[in-house]
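**Student:** Just need the structure, nothing else, for what follows:
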Amino acid sequence: MEKAKVILIDDNPSVLRLNGEFLERSDYEVELFTSGTPALEAIEKGGVDLVLLDLNMPDMDGFAVCKKIREMYSLEELPVIFLTCREEFAVVEEAFKVGASDYVSKMTPVEILLQRVNVHVQLLRAMREIRLISLTDPLTKCYNRRHAMFTLREGIAREKRYGTSFSLVYLDMNGLKKINDSAGHLSGDSLLCRFVESLRSVLRSSDMLFRMGGDEFMALLPDTDLEGAVVCAHRMECAAKSACPECGEFPFAFGTVHSKEENSTADEMLLVADERMYRCKERMKRLGAPCRD
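**Tutor:** Okay, the predicted model is just below:
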């Protein structure tokens, strides 16, 4: 299992060094900071599993740092443990009000601190696993329709705020029903998994693939215009044709749509993509020709 990453923030270099070395010996990846501002920049980049935070620091106290962290990540997404000498009731209470996950005295033995860190990291990983299960299709490991709708709405909101854009490819796989009827659902499931892997093989790491239900899928392509989405669809088509000969000459019908078209909601984008996919399917049936858009 990959090492969990812990960020330590304390203006006392000796405390940083001692705790950092102990956690490293306990198989954690550790990054040290003597003030809040550079630590927040590192936290914002992601990949952090836990933050150990001092209270009294010169540029920004622990309360302010914790508030900033909670603007980026919820309690479930990133645990923050205050590690400080101050143990007054009002101080502890304020720490939890600003978003602390735990509060540990610097007088606590490092072995006990380690156990607290272990518990929070284990809980975090369990929450991530539960979240992943809730957002993915169990067979193909694609994201599911629920996450697709959330991601589309998020992308539309981000476009309105930052001017970013994206395209999507909505596609309907061919041949699945025939395989299910003739060879059984286990064969159909195997075909589905091979089909998905073929699509993933040509998608970028920033692209996202969703199973919308049955044999329908959606690829979401950030920073891609409509022409680029069509190119991507044809690449997926070639990959699926090679990996899944059972799907025939045309492994899927597809429709593309760009976020800057006149589609103000996620539902409208999907409706346009679905209509274009239907036209593609009709073209295949009538002319035996591939989709062009």
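**Student:** all strands for the stretch 151-293 of the chain, in order.
**Tutor:** Here the stretch 151-293 of the chain has its strands, by DSSP state E, counting those that start in this stretch, at 166-173, 208-213, 216-222, 252-258.
**Student:** outside of stretch 61-77, which residues touch it?
**Tutor:** For stretch 61-77, contacts defined as CB atoms under 8 Å, 6 or more residues apart in numbering pick out 9, 36, 39-40, 43-44, 51, 53-57, 78, 80, 82, 84, 94-95, 98-101, 124, 127. The C-beta positions use only the backbone N, C-alpha and C, and glycine is treated the same way.
**Student:** Show the average pLDDT along that stretch.
**Tutor:** Taken as a whole, stretch 61-77 carries a mean pLDDT of 95.
**Student:** Repeat that for stretch 28-48.
**Tutor:** Average pLDDT, stretch 28-48: 94.
**Student:** and it, C-alpha only, in PDB?
**Tutor:** Provided in PDB are the C-alpha atoms of stretch 28-48 (Å, rounded to 0.1, in the frame of the first residue of the first chain):
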ATOM      1  CA  TYR A  28       4.800   7.800   6.700                       C
ATOM      2  CA  GLU A  29       5.800  10.300   4.000                       C
ATOM      3  CA  VAL A  30       6.400  13.500   5.800                       C
ATOM      4  CA  GLU A  31       6.600  17.200   4.700                       C
ATOM      5  CA  LEU A  32       7.700  19.900   7.200                       C
ATOM      6  CA  PHE A  33       6.700  23.600   7.300                       C
ATOM      7  CA  THR A  34       7.500  26.300   9.800                       C
ATOM      8  CA  SER A  35       4.600  28.500   8.800                       C
ATOM      9  CA  GLY A  36       1.100  28.300   7.500                       C
ATOM     10  CA  THR A  37       1.300  30.000   4.100                       C
ATOM     11  CA  PRO A  38       3.600  27.600   2.200                       C
ATOM     12  CA  ALA A  39       2.000  24.700   4.000                       C
ATOM     13  CA  LEU A  40      -1.400  25.700   2.600                       C
ATOM     14  CA  GLU A  41       0.000  26.000  -0.900                       C
ATOM     15  CA  ALA A  42       1.200  22.400  -0.600                       C
ATOM     16  CA  ILE A  43      -2.100  21.200   0.800                       C
ATOM     17  CA  GLU A  44      -4.000  22.800  -2.000                       C
ATOM     18  CA  LYS A  45      -2.100  20.800  -4.500                       C
ATOM     19  CA  GLY A  46      -3.600  17.600  -3.000                       C
ATOM     20  CA  GLY A  47      -2.200  14.200  -2.200                       C
ATOM     21  CA  VAL A  48      -2.100  14.900   1.600                       C
END
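**Student:** tell me which residues in it are buried?
**Tutor:** Residues of stretch 28-48 classed as buried by neighbour count (16 or more other CB atoms under 10 Å): 28, 30-36, 39-40, 42-43, 48.
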